[in-house]
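Trainee: One predicted model, sequence on top.
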Amino acid sequence: MARILLIGLAGDSGCQVAALGLHEALVDILVANEPIYAPTLLDAKEIPDDIDVAIVEGGIRNTHEEEMIKEIREKSKVVIALGACAAFGGIPGLANLRHGKELMNEIYNNHRGTDRGTIPTHLESLPEQHPIKHFVKVDYIIPGCPPEITDIAGTLTSLLGGKEPEYNSTQVCDDCPKERLGEYETSLKRIHEEIPDADRCLLEQGFFCMGPATMGGCGAPCPQSGNTCEGCRGSCLDVDDQGMAMIDAMTGLLTQLKDEFDPNLYSAMLYRFTYAESVVAELARRKK
Ligand code: SF4
Ligand code: SF4
Ligand code: SF4
């Protein structure tokens, strides 16, 4: 019987809700184990000692979350990063395109809808959003925004059954039935600008589909429903930088483009979920 903690840090609880979507499988896990801290399920205030498996949603944005993740790590045998925010920084990591005070000033002084000059001071913000691995060792990740229920169930049942969870070694394109001809358009388009050919690869049609640079296993629901893959499952296995892998995969398209391709303009698409752990973010950090 494992003592389990489920917690949300700087996330939006979407991953915890996905975990609750396990339904009967969740009941089986809860009955066979001991949930000791889970604000979405239990009324527990203190991080308990002797945690077997800590499942952590969300990244780190302030010193309180930094202290919490360090305390959780100290008290846990296994730490799992649940979802893109915890694993790679997620969409909140795009805030790192603006640094610390510059970002706060932009939001609280220059943005319509906020009272000018009311920058909150009650929490000590860090200059950047971080995945939890920037502060503690992470044993496993469950990718996605939110993660697939099958991935959550698979990782937990493997771990709790004494087996090593396995990562998916495919890319989203492997699950996508769209036809690839190896021929590319001459311009880049957004999905709302033109109705794509439903049967043909979106990337070949000039739509920015992150499928080739994204870990498979979701069944490619976005391209199959006519939308581009935005890359929520992060890099493919054994690839360090999702955006660089995407530029590599786009070579055919880039050589056809009439317009110049500026990676800076596309960083929020190349790294929608992984900017906080990207090579370009690290380079920007070193310049500061
Ligand atoms: S990964 Fe997505 S669903 Fe999970 S906390 Fe972050 S934003 Fe929410
Ligand atoms: S690039 Fe996108 S549309 Fe093309 S095969 Fe890959 S996932 Fe499908
Ligand atoms: S297709 Fe892409 S964006 Fe959609 S769920 Fe899969 S990895 Fe995420």
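Mentor: Right, received. Where do you want to start? Ligands and ions are numbered 1, 2, ... in the order given.
Trainee: Counting by contacts, list what the lowest-mean-pLDDT helix or strand in the chain packs against.
Mentor: Counting by mean pLDDT, DSSP states H and E, the chain has its least confident helix or strand at helix 100-109, which shows a mean of 79. When contacts are defined as 3 or more C-beta pairs under 8 Å, 6 or more residues apart in numbering; DSSP states H and E, helix 100-109 packs onto strand 125-130. C-beta here means a position set from N, CA and C on the backbone, and glycine is covered the same way.
Trainee: In its sheet, which strands sit next to the strand it packs on, and in what direction?
Mentor: Here strand 125-130 is paired, per DSSP bridges, with strand 60-62 (antiparallel).
Trainee: Show me what whichever helix or strand comes after the strand it pairs with is packed against.
Mentor: Sequence order places helix 63-75 as the next helix or strand after strand 60-62, per DSSP states H and E. Here helix 63-75 is seen to pack against strand 3-8, strand 51-57 when contacts are counted using 3+ C-beta pairs under 8 Å, 6+ apart.
Trainee: Please identify the most buried of those strands.
Mentor: strand 51-57 (a mean of 25; mean count of other C-beta atoms under 10 Å).
Trainee: Which of the helices and strands packed on helix 63-75 sits closest to residue 113?
Mentor: Smallest distance to residue 113 across the helices and strands packed on helix 63-75 (C-beta to C-beta): 25.2 Å, for strand 3-8.
Trainee: The closest one to strand 51-57, inter-axis angle?
Mentor: Compare the direction of strand 3-8 with that of strand 51-57 by axes from the mean of the first three to the mean of the last three C-alpha atoms, to 10 degrees and you get 20 degrees.
Trainee: partner strands of strand 3-8, parallel or antiparallel?
Mentor: Partners of strand 3-8 in its sheet, by DSSP bridges: strand 34-37 (parallel), strand 51-57 (parallel).
Trainee: give me every residue that touches the spatially most central residue of the chain.
Mentor: The centroid of the chain falls nearest to residue 84 when counting by C-alpha atoms, centre = their mean (1.7 Å). Neighbouring residues of residue 84 by C-beta atoms under 8 Å, 6 or more residues apart in numbering: 90-91, 143-145, 232-234, 273-274.
Trainee: quick one on the thing from earlier: which of the residues in the least confident helix or strand of the chain are classified as buried?
Mentor: 103-104 (16 or more other C-beta atoms under 10 Å).
Trainee: what's that helix in contact with?
Mentor: 95, 98, 114-120, 125-128.
Trainee: And the chain, split by domain according to the record?
Mentor: 3-99+125-160, 172-287 (automatic domain parsing).
Trainee: tell me the most buried of the ones you listed?
Mentor: Note that of the domains of the chain, domain 3-99+125-160 is the most buried (mean count of other C-beta under 10 Å), with a mean of 20.
Trainee: now do the same end-to-end measure for that domain.
Mentor: 10 Å (C-alpha to C-alpha, to the nearest Å).
Trainee: Going forward, count from 29.
Mentor: Sure, I'll start numbering at 29, so the last one becomes domain 31-127+153-188.
Trainee: So for residue 161, what's the nearest residue that isn't a sequence neighbour?
Mentor: Leaving out its chain neighbours, the residue that sits closest to residue 161 by C-beta to C-beta, 6 or more residues apart in numbering is residue 109, at 6.9 Å.
Trainee: so that neighbour bridges to which residues?
Mentor: residue 84, residue 169.
Trainee: check contacts around it.
Mentor: 84, 115, 159-161, 166, 168-170.
Trainee: ok, whatever residue of the stretch 79-228 of the chain ends up closest to ligand 3 to residue 228 distance?
Mentor: Distance from ligand 3 to each residue of the stretch 79-228 of the chain (C-beta to the nearest ligand atom) is smallest for residue 200, at 5.0 Å. Residue 200 sits 16 Å away from residue 228, going by C-beta to C-beta, to the nearest Å.
Trainee: can you check residue 123 too?
Mentor: For residue 123 relative to residue 228 (C-beta to C-beta), the value is 35 Å.
Trainee: ok, residues contacting stretch 48-66?
Mentor: 29-35, 47, 68-70, 72, 75-76, 79, 177, 180-181, 184-185, 188.
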